[in-house]
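Novice: need coordinates for the following:
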Amino acid sequence: MAKQVSFVKKVKMGKKGDKNIKDKGQNSAHHIEEDGDRTPEPHVCTGHFQTDFTELCRRNNMAVIPPVVPRAHRPPSPGPPEAQSKNEKGKGKEDKNKQPEPDPESVLEPVEPTPKSYTTKSKFEYFKPTVQVEQDHPDKQDTVTEVIVKGWKIDEAMMTVFKQCFVSMEKLHTINFWNCGLTGETLSLLASFLPQCLNTRNLILDGNPVKEENFHLLINTEEIPVQNLSLRHCSITDLGAENLGKALGTTQTANTKLLTLNLNGNRIGDTGGQALAKGLRMNRTLLSLSLAQNSIGDVGIRSLADVLSKFPLTHEEVVQRRKLISEQGAPDRKSPPPSRRGDNRPGSVRSSSHLGKDAKRDKTPKGKHTKGKEEKDDKKGKKEVPKKDSFTRSKATLVAEATKTATKAKDKKGKDKKGAQQVEAEPENMELMNPLMEPVENIKNELWIPGNRTLINLNLRGNKMTEKGLADLLMALQYQTTLVAFNKGAGTGLMRIAVDRNEFPVDCAACQKLVELMIPKDPFYVAPSSSPENESQADEDPPKKDAAADKKKK
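Specialist: Numbers count the residues shown, from 1 in each chain. Got it, this is the predicted structure:
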């Protein structure tokens, strides 16, 4: 009986233990479910592009995560054959004593070495999406300078990932999205975080036709640091060109960051050409404008020619000019000068008694009267009041003052007792002169100002320009050349221009004159080298002339 009681107790105890184990298991499972419901902490980008990009794509549950690979480069070309033969000879002398034993298999079946100029990949691997990068140091992930994406679609989720990565990359200076199927939303998202990419200078968006044509958002604000923008083959029409023209410059504002704009291979016509020319009226920063392979005719070319030579101011521009002149001529002052009343009002008639007192004061000797005052002034350290002849200062005086302050700062740093190397503060950039403040010329009751002399490269190849438009362009460049010759400080003017493949014969008179005018200005022009036959003829001609002269003398 005692054995049976102990067995029953054990069974009961076992059931209680099983219940405790089940309760513990349920509680632990409940805790696991609670942990799973918690949202993960956001990923903080460290500037290592490959690590950050992969982690962000994984957290966004992307089905395919494109690998980050270094950009492929062309293998270096082999050296000259002479150097290779010398190296082989040197190696042969060293390896005379060492004679390797020939393998029987290699003697029977010679095997060619595998080429080192390329690597083989599996089928269709070349067409899989990848993110190519350029790095200053291949071993360091935080030295990525260029990000290249080619041939696969970038949606909003992927653009958000790029946004988080690019902001933390300090050395990134080039973004290249070629044929990535960008839309108006992704383009606006790209423009929203570009101001945070402080070192980004080059933006290439070739092959991305956008229905909204909101490319102007990329250069619409001064906070965007992009200097070179390429929008080739983006199907930009006159609407997009009009928006870009407004972003380049208006009467109120002008872009001061963009240096080159490439619009090759789009659908820009005369209206778009006029809009871009209007943007160049007030823009004095853009250096290169490429409009090749568009549909710009003589009307658009005429607008561009007027901007390069001289043009009359509109009513809005005249009003803005007067505002600028009034702001320069009357700076803000909190209180009026004390001498205003005495200067403006005429002098009152004074009595003879006052005149007599003044005469007596004048009779006092100068030495006695002025010595005390001068000493008091010196003791007090009275400052000299600057003359208020003019409220505006010229640009030369501002530059001179900037140089003086810079030299003083250098002298103070040189006198440092510790001798520590301190970073010199760079002087602030001088403000660009507003084109409306240039000297004007009154012609038939209209104010004319000189045209744009900052643009140095203009590409008009492959448009619809005829001889009429070419003549207008030639006249404008002739005027610009004479204007630059008399005023060299305002800019060099156009130095390179391409007008071939238009609707005029290459051998026309205007085209020949344009070539003769622009060849001396082109810094990349190389004169054709004379053929050896011409050189031999030139060497043989002088003796013949000398012989003919000797015959005449005899």
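Novice: what bridges to V133?
Specialist: Listed beta-bridge partners, V133: P70, V147 (assigned using DSSP bridges).
Novice: do I have it right that it meets V144?
Specialist: Yes: under the criterion of Cβ atoms under 8 Å, V133 makes contact with V144 at 4.9 Å. Just so you know, the C-beta spots here come from the backbone N, C-alpha and C atoms, and that holds for glycine as well.
Novice: higher neighbour count, those two?
Specialist: V144 (26 against 21; other Cβ atoms under 10 Å).
Novice: per-residue confidence at that one?
Specialist: On pLDDT, V144 comes in at 93.
Novice: so it sits against V131, correct?
Specialist: No: V144 lies out of contact with V131 (Cβ under 8 Å); the separation is 10.0 Å.
Novice: joint contacts of those two?
Specialist: The overlap between the contact sets of V144 and V131 (Cβ atoms under 8 Å, 6 or more residues apart in numbering) is empty.
Novice: what segments of the stretch 401-550 of the chain are strands?
Specialist: 441-443, 446-450, 457-459, 496-498 (DSSP state E, counting those that start in this stretch).
Novice: got the ones you listed as CSV, with mean neighbour count columns?
Specialist: Formatted as CSV, those follow (neighbours: other Cβ atoms under 10 Å):
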stretch, mean neighbour count
strand 441-443, 10
strand 446-450, 16
strand 457-459, 18
strand 496-498, 17
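Novice: for the chain, what spans make up the strands?
Specialist: 68-70, 131-135, 144-150, 174-178, 202-204, 228-230, 260-262, 288-290, 310-312, 441-443, 446-450, 457-459, 496-498 (DSSP state E).
Novice: next, the angle from the third one to strand 131-135.
Specialist: What it means is strand 144-150. Orientation note: strand 144-150 sits at an angle of 160 degrees relative to strand 131-135 (axes from the mean of the first three to the mean of the last three Cα atoms, to 10 degrees).
Novice: where does this protein dip in pLDDT?
Specialist: For the chain, applying pLDDT under 70 flags the ranges 1-40, 78-111, 114-123, 330-432, 529-554.
Novice: thought A471 was touching C511?
Specialist: No: look at A471 against C511 with Cβ under 8 Å: they stay out of range, at 10.0 Å.
Novice: which stretches of the stretch 251-400 of the chain form helices?
Specialist: Taking DSSP state H, counting those that start in this stretch, the helices of the stretch 251-400 of the chain run over residues 270-282, 298-308, 315-329, 340-344, 352-363, 366-380, 395-414.
Novice: what's the answer for the stretch 101-250 of the chain, then?
Specialist: Ranges of helices within the stretch 101-250 of the chain are 104-108, 156-167, 184-193, 238-248, based on DSSP H, counting those that start in this stretch.
Novice: among these, which is nearest R74?
Specialist: Closest approach to R74 among the helices of the stretch 101-250 of the chain is made by helix 156-167 (27.3 Å; Cβ to Cβ).
Novice: packing partners for that closest one?
Specialist: helix 49-59, helix 184-193 (3 or more Cβ pairs under 8 Å, 6 or more residues apart in numbering; DSSP states H and E).
Novice: quick one: contacts of the last one?
Specialist: This means helix 184-193. 154-156, 159-160, 163, 166-167, 182, 208, 210-212, 214-215, 217-218, 220, 224.
Novice: could you turn the buried ones of those residues into a PyMOL selection?
Specialist: Burial among those is assessed by 16 or more other Cβ atoms under 10 Å; the matching PyMOL selection reads:
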select buried, resi 154+159+163+166+167+182+208+210+214+215+217+218+220+224
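Novice: I'd say K464 and V299 touch.
Specialist: No: applying Cβ under 8 Å, one finds K464 not in contact with V299, separated by 10.0 Å.
Novice: which one's more surrounded, those two?
Specialist: A count of neighbours by other Cβ under 10 Å puts K464 above the other of K464 and V299, at 17 against 14.
Novice: for that one, give its distance to I301.
Specialist: The gap separating K464 from I301 is 9 Å, by Cβ to Cβ, to the nearest Å.
Novice: then V44?
Specialist: Counting by Cβ to Cβ - V44 and I301 are separated by 54 Å.
Novice: check P528 too.
Specialist: Per Cβ to Cβ, P528 is found 29 Å from I301.
Novice: who has more neighbours out of those two?
Specialist: Using other Cβ under 10 Å as the criterion, P528 and I301 rank with I301 on top: 29 against 5.
Novice: which residue is the nearest non-sequential neighbour of that one?
Specialist: G469 (3.7 Å; Cβ to Cβ, 6 or more residues apart in numbering).
Novice: quick check, that neighbour in contact with D298.
Specialist: Yes: G469 is within contact range of D298, at 3.6 Å (criterion: Cβ under 8 Å).
Novice: and these two? Which one has more around it.
Specialist: Set side by side, G469 and D298 show more neighbours around G469, with 26 against 22, by other Cβ under 10 Å.
Novice: ok, back up a step: quick check: neighbours shared by V133 and V144?
Specialist: Listed contacts common to V133 and V144 are F49; contacts here mean Cβ under 8 Å, 6+ apart.
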